[in-house]
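Peer 1: Structure, please.
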Amino acid sequence: MRVLIVDDEPSIRKTTRIALETTGHTAVEAATAARALKAVEQEAFDAVFLDLKLGADDGLALLDRILQARPAPAVVMFTAYANIATAVEAMRRGAFDFIPKPFTPDQIRAVVAKVERAAVIGRRVRALESEVAAEVPPPALDSNEPAMTRALAVAFKAAESSASLLLLGPSGTGKSVLARELHRRSAQREAAFVTVNCPSLSRELLESELFGHVKGAFTGAVSDTVGKVSTADGGTLFLDEIGELPLAIQPKLLRLLQEREYERVGDPEPRRAHVRVIAATNRNLAEEVKAGRFREDLFYRLNVIAVTLPGLRERAGDIPGLAESYRRHFAARLGRKITGYAPGVLAAFAGYAWPGNLRELRNVVERAVILAAGEMIEPADLPEPFAVGPDPGIAVGARVTLDELEAEHLRRVLALTRNLDEAARVLGIDPATLYRKRQKLGLI
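Peer 2: Down below sits the predicted model:
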């Protein structure tokens, strides 16, 4: 590694440099804050050893400046025993570790080994994040449709607050994707984002997964488990499908939200956790409250800010852009040279009801990229609900009049939609205008 040593005592700099160089690292020395900042501006360092008492300069102020570098190095503070409290403050500000003076070369080598291990772990995490990003399509959080833009505006405005958020909408509309984006924009972004899928487990196992348990709390509890609430402490706890949370667990979640306290299964000792809760459901929670399946007080505690994500059929204008984004993603991931969509495919997409919403669109595009015989996705590459006859009809760019082209487009949209109201929505006109056009073009 390349290491910067910042200390106004030549003997300290020399001792540290020798300890580093004997283990194969390269060291640069700086006696003042000005020289240290110049060095950091000119080159990147993996680590910095920084004295808290740097002559007339303030070591903590220099720490703040060094940590602004990109990439930020790991900063290890030198401090006398009398300044341990200040060293703790330095770590609160972002220092990696501190070494009390006087120190030995072995202490220097030990802390450098810790920095190396942390760097290796960081590289592995970034590599895993890159692999995950390659597997997952980009989040569909751009929209030109009013219902979606209103929902996103409310969500993003609330992102930096600590208030609970309730994400509503049909399955597959991107609630979990939005929850992760809200965490990324929040003050808790550096802490964990932890997901709990509420209907995935029995009541007993779900309670243990949420709050943890102690050894022997139930059959199979062979060791202590901290639980996801503890893991999410300081970060975001995402409760997916909260509408299916068992009634027996709901009071315990309410206590966590109101008092920041919870208990592990089998352990009466209260524990504290400060988590920001984002919950999602495709159910009507107000109706669930009336039916006695969801606690009213928990509903109001979760429903501080509610965001309803519209189904894909309500944001038809976004479908071409979403389909193109998915095409690029899957073509790159699968190593296929798929350059676009043939005429008729996007028209079929526009006329489809999309009961599975974004999740269904993604699956349809992935299937088409896999099955496409050429460089374009053809109607024949789509699954059964999109099946079309062998005659594609009049194509865009053919030597036909605008009336003939419009009539052909109306025929296709009418064939792919369930009624005139839906067809009018797809075409972006009102039903009365659609009726008049059908009369004019002889389609009635």
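
Peer 1: what bits of the stretch 51-200 of the chain have low per-residue confidence?
Peer 2: 81-83, 126-138 (pLDDT under 70).

Peer 1: Now do the strands in it.
Peer 2: 53-54, 57-58, 74-80, 97-101, 165-168, 193-197 (DSSP state E, counting those that start in this stretch).

Peer 1: Excluding chain neighbours, what is closest to Ile429?
Peer 2: If the residues on either side of it in the chain are set aside, Ile429 comes closest to Lys437, at 7.7 Å by C-beta to C-beta, 6 or more residues apart in numbering. Yep, even glycine has a C-beta here, placed from its N, CA and C like the rest.

Peer 1: While we're on the one you found, how confident is the model there?
Peer 2: The model reports Lys437 with a pLDDT of 85.

Peer 1: What's the separation between Tyr352 and Leu346?
Peer 2: 11 Å (C-beta to C-beta, to the nearest Å).

Peer 1: can you check Ala316 too?
Peer 2: 11 Å.

Peer 1: higher neighbour count, those two?
Peer 2: Ala316 (19 against 16; other C-beta atoms under 10 Å).

Peer 1: quick one: contacts for that one?
Peer 2: 145, 350, 425-426 (C-beta atoms under 8 Å, 6 or more residues apart in numbering).

Peer 1: Closest one of those residues to Tyr300?
Peer 2: Nearest to Tyr300 among these is Glu145, at 29.7 Å by C-beta to C-beta.

Peer 1: Setting the sequence-adjacent residues aside, check what's closest to that closest one.
Peer 2: With C-beta to C-beta, 6+ apart, the residue lying closest to Glu145 is Arg315, at 3.8 Å.

Peer 1: show me what contacts that neighbour?
Peer 2: Arg315 touches 143, 145, 147-148, counting by C-beta under 8 Å, 6+ apart.

Peer 1: Looking at the residues you listed, which two lie furthest apart in space?
Peer 2: The distance between the two most remote of the contacts of Arg315 (C-beta to C-beta) is 8.4 Å, for Ser143 and Ala147.

Peer 1: So which of these two has more stuff around it?
Peer 2: Ser143 (18 against 14).

Peer 1: pretty sure that one is touching Leu152, no?
Peer 2: Yes. Using C-beta atoms under 8 Å, Ser143 makes contact with Leu152 at a distance of 6.7 Å.

Peer 1: Report the distance from the strand or helix carrying Arg35 to the chain centre.
Peer 2: Using DSSP states H and E, Arg35 falls within helix 33-42. Centre-to-centre, helix 33-42 and its host chain are 36 Å apart (C-alpha atoms, centre = their mean, to the nearest Å).

Peer 1: Let me know the secondary structure of Leu4.
Peer 2: With DSSP: H, G, I helix; E, B strand; the rest coil as the basis, Leu4 sits in strand.

Peer 1: Tell me what it is bridged to.
Peer 2: When bridges are called by DSSP bridges, Leu4 pairs up with Val28, Val48.

Peer 1: swap in Val194?
Peer 2: Leu237.

Peer 1: what's near enough to touch it?
Peer 2: Contacts of Val194 by C-beta under 8 Å, 6+ apart are 228, 231-232, 235-238.

Peer 1: what two of the residues you listed have the greatest distance between them?
Peer 2: It's Thr231 and Phe238 that sit farthest apart of these, by C-beta to C-beta, at 11.9 Å.

Peer 1: Mind checking which of those two has more residues around it?
Peer 2: Phe238 (27 against 16).

Peer 1: measure that one to Glu116 for me?
Peer 2: As judged by C-beta to C-beta, Phe238 and Glu116 stand 34 Å apart.

Peer 1: same thing with Pro343?
Peer 2: 57 Å.

Peer 1: do Asp267 as well
Peer 2: 38 Å.

Peer 1: How about Ala217, nearest residue that isn't a chain neighbour?
Peer 2: Ranked by C-beta to C-beta, 6+ apart and with sequence neighbours excluded, the top spatial neighbour of Ala217 is Gly266, at 2.7 Å.

Peer 1: Can I take it that the residue nearest to Glu145 is in a strand?
Peer 2: No. Read with three-state DSSP, Arg315 is helix and lies in no strand.

Peer 1: From Leu322, how far off is it?
Peer 2: 9 Å.

Peer 1: coming back round to it: mutual contacts of Ser143 and Leu152, please.
Peer 2: Joint contacts of Ser143 and Leu152 (C-beta under 8 Å, 6+ apart) do not exist.

Peer 1: so who does Glu21 touch?
Peer 2: Glu21 is in contact with Ala27, counting by C-beta under 8 Å, 6+ apart.

Peer 1: confidence score at it?
Peer 2: 93.

Peer 1: just to revisit the earlier point, and the contacts of the helix holding Arg35?
Peer 2: 4, 6, 28, 30, 45, 48, 50, 54, 57-58, 61-62, 65-66, 69, 73.

Peer 1: Show the average pLDDT along it.
Peer 2: Helix 33-42 comes out at a mean pLDDT of 92.

Peer 1: List the buried residues of that helix.
Peer 2: For helix 33-42, the neighbour count (16 or more other C-beta atoms under 10 Å) marks 33, 36-37, 39-40 as buried.

Peer 1: mind checking how far the residue nearest the centre of the chain is from Ser325?
Peer 2: The chain has Arg180 as the residue nearest its centroid, 3.0 Å off, counting by C-alpha atoms, centre = their mean. Computed as C-beta to C-beta, the Arg180 to Ser325 distance reads 17 Å.

Peer 1: likewise Thr16?
Peer 2: From Thr16 to Ser325 the distance is 51 Å (C-beta to C-beta).

Peer 1: okay, the two: which has more neighbours?
Peer 2: Per other C-beta under 10 Å, whichever of Thr16 and Ser325 has more neighbours is Thr16, with 24 against 18.

Peer 1: Please, which helix or strand holds that one?
Peer 2: helix 10-21.

Peer 1: In PDB, list the C-alpha atoms belonging to that helix.
Peer 2: Taking Å, rounded to 0.1, in the frame of the first residue of the first chain, the C-alpha atoms of helix 10-21 are listed here in PDB:
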ATOM      1  CA  PRO A  10      10.900  13.400  12.800                       C
ATOM      2  CA  SER A  11      11.600  10.400  15.000                       C
ATOM      3  CA  ILE A  12       7.900   9.300  14.800                       C
ATOM      4  CA  ARG A  13       7.900   9.700  11.100                       C
ATOM      5  CA  LYS A  14      11.100   7.700  10.700                       C
ATOM      6  CA  THR A  15      10.000   4.900  13.000                       C
ATOM      7  CA  THR A  16       6.700   4.600  11.300                       C
ATOM      8  CA  ARG A  17       8.200   4.600   7.800                       C
ATOM      9  CA  ILE A  18      10.700   1.900   8.700                       C
ATOM     10  CA  ALA A  19       8.000  -0.300  10.100                       C
ATOM     11  CA  LEU A  20       5.900   0.100   6.900                       C
ATOM     12  CA  GLU A  21       8.800  -0.400   4.500                       C
END
